[in-house]
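Q: Below is the sequence, then the predicted model.
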Amino acid sequence: MTRESESELLSFCAAQRGEFNIKAWTRFDQVEKREMAAVCLFLAGVDWFGHKQSLSDAARQLLDGIPATFESLARSLHFDCLRFSSMLKRRLGHA
């Protein structure tokens, strides 16, 4: 995951926190689908973002039936979930 795609995802997630629209998650084309799927799975696994089931469903749709775990996606994409979490919480005012 590049800093550019991370920035796109952070902005998107912050905007979606207040105005959640599941269709927007599967149609967002500013990043690779696997990157969005990883973020969906990550956020589905935390208790501070909400929308767990919808995010899990979006990840499955984005992966188009290809079995993948969050861990395998994070590793292959070099997704720094601690960094992402800290930055998103800061944007949401939870830090």
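A: Noted; the coordinates are in hand. Computed from a predicted structure; not experimentally measured.
Q: hey, let's count contacts and neighbours off CA atoms from now on
A: Noted.
Q: Pop out the phi and psi values for the spatially most central residue of the chain.
A: Nearest to the geometric centre of the chain sits Val39, at 2.0 Å (Cα atoms, centre = their mean). Phi and psi for Val39, reported as degrees, to the nearest 10, are phi -70, psi -40.
Q: With Val31 instead?
A: phi -140, psi 170.
Q: Now for it: which residues touch it?
A: 5, 8-9 (Cα atoms under 8 Å, 6 or more residues apart in numbering).
Q: That one and Arg3, how far apart?
A: 11 Å (Cα to Cα, to the nearest Å).
Q: In space, what's closest to Pro73 - neighbours in sequence excluded?
A: Quick fix: residue 73 reads Leu, not Pro. Ala38 (5.9 Å; Cα to Cα, 6 or more residues apart in numbering).
Q: got a list of what that neighbour touches?
A: By Cα under 8 Å, 6+ apart, the residues touching Ala38 are 59, 70, 73-74.
Q: Quick one: neighbours of Ala68, just the number.
A: 14 (other Cα atoms under 10 Å).
Q: Could I get the pLDDT score of the residue nearest to Leu73?
A: Looking at Ala38, its pLDDT reads 97.
Q: No more questions from me, cheers.
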